[in-house]
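Colleague: 3D, please:
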Amino acid sequence: MTVDYGVRPKAARAESDAGPNRLAVAGLVFGLLGLLPLPVVGPVLALCFGVAGGRKADRGEAGGRGMATAAIVLGIVGCVCAVLGLVVVFIQLTGSRGA
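Modeller: Predicted coordinates:
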């Protein structure tokens, strides 16, 4: 005997049913491009798209939470590498000449 109180829990959509998360995919692509061909713009875009894709995945509107996390990590790594590269260039350009 099953008792039904008239309240049914809302079924959560499966991640596979939610469809692809294009923001997370874009973030992952920009994260990969940000490591070499787009060293300054790519990581920033990867962070933006990764965070937006992660929020969309958390709301259950789309899947791809792992891709969004990877985009955020690649964006952070790319930003750190870009800053270090700019520091090295700045030191080389402002260093003493012919001592």
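
Colleague: which residues touch residue 50?
Modeller: 23, 24, 27, 28, 31, 68, 69, 70, 71, 72, 74, 75 (C-beta atoms under 8 Å, 6 or more residues apart in numbering). Placement of C-beta: from N, CA and C, glycine included.

Colleague: grab the nearest non-local neighbour of it.
Modeller: Excluding the flanking residues, the one nearest residue 50 by C-beta to C-beta, 6 or more residues apart in numbering is residue 71, at 3.2 Å.

Colleague: pull out the buried residues from the host helix or strand of the one you found.
Modeller: Here residue 71 sits within helix 65-94, counting by DSSP states H and E. Neighbour-count burial for helix 65-94, counted by 16 or more other C-beta atoms under 10 Å, picks out 65, 67, 68, 69, 70, 71, 72, 74, 75, 78, 79, 82.

Colleague: possible to save these as a markdown table with pLDDT and distance to residue 89?
Modeller: Converted to a markdown table, the buried residues of helix 65-94 look like this (pLDDT from 0 to 100; distance: C-beta to C-beta, whole Å):
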| residue | pLDDT | distance to residue 89 |
| --- | --- | --- |
| 65 | 93 | 36 |
| 67 | 95 | 32 |
| 68 | 95 | 31 |
| 69 | 96 | 31 |
| 70 | 96 | 28 |
| 71 | 96 | 26 |
| 72 | 97 | 26 |
| 74 | 96 | 22 |
| 75 | 96 | 21 |
| 78 | 94 | 16 |
| 79 | 94 | 16 |
| 82 | 91 | 11 |
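
Colleague: next, give me the two most distant ones among these.
Modeller: Largest separation among the buried residues of helix 65-94 by C-beta to C-beta: 65 and 82, giving 25.8 Å.

Colleague: phi, psi of residue 64?
Modeller: Per-residue torsions, residue 64: phi 90, psi 30 (degrees, to the nearest 10).

Colleague: does residue 32 touch residue 74 like I think?
Modeller: Yes - between residue 32 and residue 74 there is a contact at 6.5 Å, judged by C-beta atoms under 8 Å.

Colleague: just the contacts of residue 50 now: which is nearest residue 43?
Modeller: residue 75 (4.6 Å).
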